[in-house]
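*Asks:* Sequence plus predicted model, see below.
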Amino acid sequence: MAGSSGEARGAMSARLVAGQKALVTGANSGIGKATAIALGRAGADVVVNYVAGADEAEKVVDEIKGFGVRAYAHQADVSQEDQVVGMVARMVEELGTIDIMVANAGLQRDAPTVDMTLAQWQKVIDVNLTGQFLCAREATKEFVRRGVVPEVSRAAGKIICMSSVHQIVPWAGHANYASSKGGVGMLMQTLAQELAPQRIRVNAIAPGAIRTPINKDAWNTPEAEADLLRLIPYRRVGDPDDIANAVVAVASDLLDYVVGATLYVDGGMTLFPGFATGG
């Protein structure tokens, strides 16, 4: 897998966020894991959030520490207000502040609409949308309290919402997931509009098809991958490092004037490839 190569992992090796403090939710696997590691490689101290899988979270922490920065794991369910409040409070106490919040934690509970239970609907909304709101709110409190520290960053803080191509692409059989990501898009833009005057940058990353455990069935056989590639003009399935590198760039001062934007990292999936040969 391309994302496992040293070359791909080193693509964003410059210490673009040196000295900053980052929190990544859902960081013990998949996109969150790659993002936490990439931020550590780029010079940030990192809090690795997880809700289950402590052993994997500690492995991520160990890898990040290998870059000469600080890291620790913190168990918290982002859909629970008290746990998010406690997680950010601990980070401020242990690391001094927070500069980068990557609201990545998410899940799926798929079913046709007529069969979808209220519990399936609510769980996805609670984690994917309410969780991002809670994380953004708590990070913002610290950003406002501390303000801009010029020697650290030109911004008072950065919030990066992990969205999806399904922020704009309907997805039959996934009404809860698509609705949550559509909500993330509007939440991000509204926060960006509200917080920009305080020099807080809010943006979103919208992955397309990425090789992660959550969608393994879509790419783990040659037949499944061939079927998936019909939806990707660039003709490859993405790797977690593709997303992680984008997060580092957006979190850095290189993109300081990017506010309220969604960066689609999708190999062209949102280009409506079905229309490439006509309509």
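*Replies:* Structure received.
*Asks:* low pLDDT regions in the stretch 1-150 of the chain?
*Replies:* Across the stretch 1-150 of the chain, the ranges flagged by pLDDT under 70 are 1-13.
*Asks:* quick one, helices of it?
*Replies:* For the stretch 1-150 of the chain, the helices defined by DSSP state H, counting those that start in this stretch cover 6-9, 30-41, 54-65, 81-95, 118-125, 131-146.
*Asks:* what ranges do the strands span in the stretch 101-250 of the chain?
*Replies:* 157-162, 200-207 (DSSP state E, counting those that start in this stretch).
*Asks:* picking that back up, ok, which of the helices of the stretch 1-150 of the chain comes nearest Gly173?
*Replies:* Nearest of those to Gly173, taken as CB to CB: helix 118-125 at 11.6 Å. Every C-beta, even on glycine, is put in place using the N, C-alpha and C of the backbone.
*Asks:* what packs against the closest one?
*Replies:* helix 175-195 (3 or more CB pairs under 8 Å, 6 or more residues apart in numbering; DSSP states H and E).
*Asks:* which of the residues in the helix it packs on are buried?
*Replies:* 175-185, 187-189, 191-192, 195 (16 or more other CB atoms under 10 Å).
*Asks:* what's the first-to-last distance across stretch 248-266?
*Replies:* 17 Å (CA to CA, to the nearest Å).
*Asks:* any idea of the mean pLDDT for that stretch?
*Replies:* Averaging pLDDT along stretch 248-266 gives 98.
*Asks:* How about it, which residues are buried there?
*Replies:* 248-252, 255, 259-266.
*Asks:* how about those residues in TSV, adding distance to Gly147 and secondary structure?
*Replies:* Formatted as TSV, the buried residues of stretch 248-266 follow (distance: CB to CB, whole Å; DSSP: H, G, I helix; E, B strand; the rest coil):
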residue	distance to Gly147	secondary structure
Val248	23	helix
Ala249	24	helix
Val250	21	helix
Ala251	18	helix
Ser252	19	coil
Leu255	20	helix
Val259	17	coil
Gly260	20	coil
Ala261	23	coil
Thr262	27	strand
Leu263	26	strand
Tyr264	32	strand
Val265	31	strand
Asp266	35	coil
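*Asks:* now, which of these sits nearest Val124?
*Replies:* Of these, the one sitting nearest to Val124 (CB to CB) turns out to be Thr262, at 19.6 Å.
*Asks:* Mean neighbour count, the helices of the stretch 1-150 of the chain: which tops it?
*Replies:* helix 30-41 (a mean of 27; mean count of other CB atoms under 10 Å).
*Asks:* Could you list the alpha-carbon positions for that one in CSV?
*Replies:* Taking Å, rounded to 0.1, in the frame of the first residue of the first chain, the C-alpha atoms of helix 30-41 are listed here in CSV:
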residue,chain,number,x,y,z
GLY,A,30,-6.9,4.9,9.9
ILE,A,31,-6.9,8.5,8.9
GLY,A,32,-6.7,9.7,12.5
LYS,A,33,-3.6,7.6,13.2
ALA,A,34,-1.8,8.8,10.1
THR,A,35,-2.7,12.4,10.9
ALA,A,36,-1.5,12.3,14.5
ILE,A,37,1.8,10.8,13.3
ALA,A,38,2.2,13.3,10.5
LEU,A,39,1.6,16.2,12.9
GLY,A,40,4.2,14.8,15.3
ARG,A,41,6.7,14.4,12.4
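*Asks:* What angle do strand 157-162 and that helix make with each other?
*Replies:* For helix 30-41 against strand 157-162, the angle by axes from the mean of the first three to the mean of the last three CA atoms, to 10 degrees is 150 degrees.
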